Structures are given as structure tokens and as C-alpha cells.
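sequence and predicted model, in that order:
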Amino acid sequence: MVKLIYLILFTINLPLFVAQAEELNKQERVYFNFIDLNNDKFISFDEINKSLQLIFQLVDENLDGKISQEEIMVLKSIIESLS
């Protein structure tokens, strides 16, 4: 779940990572490669959408097609524990 949160944050902040550094660090490369579904060394809008759909499915613990406040609270507590 912690890796999932990092992946979410990486996806949301991808333009920041690219703009702030000439090279991705090891963890950022792992997430980049996770999102780069076809391994062409580029991330397309379609790949971001597919990755976010996968993340949504993982966060939606009861698989009801919605993310509840309780599921968000789990994410929030994990994010806070990382700070």
C-alpha cells in the first residue's frame, strides 16, 4: 500500500519531477517504469489513465467501483505515517 501511495504521488507530480531534475532517482525510475506500460521510455496520456485505473482498483478495497471516506482515511493515515 505504501508503494501505491508513492505511485499516486509520482503520477500526480510527474511534471515536477521532470522539471526539477535532469535525472530520475532510483525510486522515481521504478514508478516511471511502472507507468510506462509499453516500455518505450515515454509515458503517454493513455498509460497514465490505465495506471490510475489500476490504482483506483487497488484503493477501492471493497471493489464497489467507488472510493469511500473510509478508504480515503486509510490512504490518509498511510501518507501521514510517511511524513
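Received, thanks. Residues are numbered from 1 along each chain as shown.

tell me the mean pLDDT over the host helix or strand of residue 29?
Here residue 29 sits within helix 26-35, counting by DSSP states H and E. Per-region confidence: helix 26-35 scores 86 on mean pLDDT.

ok, now stretch 51-69?
Here the average pLDDT along stretch 51-69 is 88.

how about residue 64, secondary structure?
coil (DSSP: H, G, I helix; E, B strand; the rest coil).

okay, it and residue 43: tell me how far apart.
29 Å (C-beta to C-beta, to the nearest Å). Just so you know, the C-beta spots here come from the backbone N, C-alpha and C atoms, and that holds for glycine as well.

which one of these two is surrounded by more residues?
residue 43 (19 against 9; other C-beta atoms under 10 Å).

the more buried one and residue 34 touch, don't they?
No. Look at residue 43 against residue 34 with C-beta atoms under 8 Å: they stay out of range, at 10.0 Å.

how far is stretch 66-78 from where the chain is centred?
15 Å (C-alpha atoms, centre = their mean, to the nearest Å).

what's the spacing between residue 41 and residue 32?
As for residue 41, its distance to residue 32 is 9 Å (criterion: C-beta to C-beta).

so the residue located most distally from the centre of the chain: helix, strand or coil?
Distance to the chain centre peaks in the chain at residue 22, reaching 20.9 Å (criterion: C-alpha atoms, centre = their mean). Recorded secondary structure, residue 22: coil (three-state DSSP).

distance of it relative to residue 54?
Per C-beta to C-beta, residue 22 is found 29 Å from residue 54.

kindly report the same for residue 80.
According to C-beta to C-beta, residue 80 stands 24 Å off from residue 54.

same drill for these two, tell me which one is more crowded.
The residue with more neighbours, out of residue 80 and residue 54, is residue 54; 15 against 8, by other C-beta under 10 Å.

please identify which helix or strand holds the more buried one.
Using DSSP H and E, residue 54 sits in helix 45-59.

list the buried residues in that helix.
By neighbour count on 16 or more other C-beta atoms under 10 Å, the buried set for helix 45-59 is 47, 51, 55, 59.
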